[in-house]
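Enquirer: Please find the sequence and the predicted model below.
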Amino acid sequence: TIQANDRTLIREQRTRRAAQNLQLDVVRVYFQVAAAQKAITITNDLLNKCKTRYELIREMAQKKYIDPFRAFDETRRFVDMEKRLTNYTRSYDNSRAELRALLGLAGSNDIIVDSSMLNVDMPPVFDLPSIEVQEQIALLNRPELYEIDMTRHINVVELYKTIIMMFPNVRMYLDFTNSTNSFLYHSSWMEIGIRAAYNLLKLPQQIMRARSYYKQIEAEDARNYAQAIGIIAQV
């Protein structure tokens, strides 16, 4: 029953981890859409401002006012900017499609996100607690740590069960009302002896099994400790 409860808690923590991964994916794709949307806006504005300059450079090159190599270099910059705009548009469309899929929206729905948080002149301000509190919050919100603890507890119970199996567990049922055959009495004792010998022969197997569970418990402790240190280092 204890192990069944632990496995239920493990499934709950895996569901919690799936929800966290979904939230992370939504936020990641949202900012991809916002960054591509802002890049497209900036690039379009620059291209609109540079259209007159592009014509001016071509006219100056024809009139020999500037070197042809300088005119070619300036023209190539405009072409590169248009290529970047194409890449931004492609990334924007892909990110919007992924965001619609994560939000469960229809493919025909257009998405325009708020990209004001990406403004350089107005960076967001986060009121964060102390580093110690952030470490505690991070440790409490990592379902994999709970899952490791539950797995370790399941192995501990298995170790206890293995230790119990090392003790004699032979049972004998006597009922003198069903039969008066004296051979049944001696047969019961023979059965007890056979079962006891069988349990004794299996004792080395149970000992090795207990050692393996103990090694697994130590490995889970080390993995939990290492992962907790990694989480603190991330914070």
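Expert: All right, it came through fine.

Enquirer: Residue 44 against residue 85, yeah?
Expert: Yes: when contacts are counted by Cβ atoms under 8 Å, residue 44 is listed as touching residue 85 (7.0 Å). C-beta here means a position set from N, CA and C on the backbone, and glycine is covered the same way.

Enquirer: tell me which strands and helices the longest helix along the chain is in contact with?
Expert: The longest helix of the chain (DSSP state H) is helix 2-62. Counting contacts by 3 or more Cβ pairs under 8 Å, 6 or more residues apart in numbering; DSSP states H and E, helix 2-62 packs against helix 68-103, helix 143-165.

Enquirer: next SSE after the first one?
Expert: Yep, that's helix 68-103 we're talking about. helix 131-140 (DSSP states H and E).

Enquirer: Buried by neighbour count: which residues of that following helix qualify?
Expert: Across helix 131-140, burial judged by 16 or more other Cβ atoms under 10 Å covers residue 135.

Enquirer: That one to helix 143-165, inter-axis angle?
Expert: Between the axes of helix 131-140 and helix 143-165, defined by axes from the mean of the first three to the mean of the last three Cα atoms, to 10 degrees, the angle is 60 degrees.

Enquirer: What sits closest to residue 111 if chain neighbours are left out?
Expert: With Cβ to Cβ, 6 or more residues apart in numbering as the criterion, residue 111 has its nearest non-adjacent residue at 5.0 Å, and that residue is residue 96.

Enquirer: which ones are touching the one you found?
Expert: Contacts were defined as Cβ atoms under 8 Å, 6 or more residues apart in numbering; by that measure residue 96 touches 33, 110-111.
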